[in-house]
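Novice: turn this into a model:
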Amino acid sequence: MIGYVTLGTNDMDRGAKFYDELLGTVGGKRGMEADTFIAWTTGTGSNAMLSIIKPNDGEAATVGNGVMAAIVVDSRDKVDTLHAKALELGGKDEGAVGERFEGFYAGYFRDLDGNKLNVFCMG
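Specialist: As a prediction, this is how the structure comes out:
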């Protein structure tokens, strides 16, 4: 159902490096790119994308309270790997990996701009 999620950034180069490395861990690569945004995709299934963008109004990007993007993977090992990679790249832990409820295994982190993300798998 979701086509793409955009996250604001104030430093495109820094954000691009973070997401190139982070999403590359699970086969993500740049699918669309322009001066003010970059979108990554795995090219599988729904072709959903995650992107960073410089706000169109020219104001600073800020973090939305209660806003979160979730990245789905197909194994608990990939959840562990992606969460650890985010922290290695300078992201901040927002909830260690583990089973939140039966069949839902997830970890939470913030990117370099403070945007909250979740990586999860079902089962």
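Novice: alpha carbons only for contacts and neighbour counts from here, please
Specialist: Noted.
Novice: show me the shaky parts of the protein.
Specialist: Scanning the chain for pLDDT under 70 picks out 1, 44-46.
Novice: now the farthest one out in it, which residue is it?
Specialist: Distance from the C-alpha centroid of the chain peaks at residue 102, with 23.4 Å (Cα atoms, centre = their mean).
Novice: relative to residue 108, how far out is that one?
Specialist: Using Cα to Cα, to the nearest Å, residue 102 is found at 17 Å from residue 108.
Novice: burial measure for residue 67, as a count.
Specialist: Residues lying near residue 67 (other Cα atoms under 10 Å) number 10.
Novice: nearest residue to it in space, please, no chain neighbours.
Specialist: Distances taken as Cα to Cα, 6 or more residues apart in numbering put residue 116 closest to residue 67, at 7.0 Å, once the chain neighbours are dropped.
Novice: phi first, then psi, for the one you found.
Specialist: Backbone geometry at residue 116, expressed as degrees, to the nearest 10, gives phi -90, psi 130.
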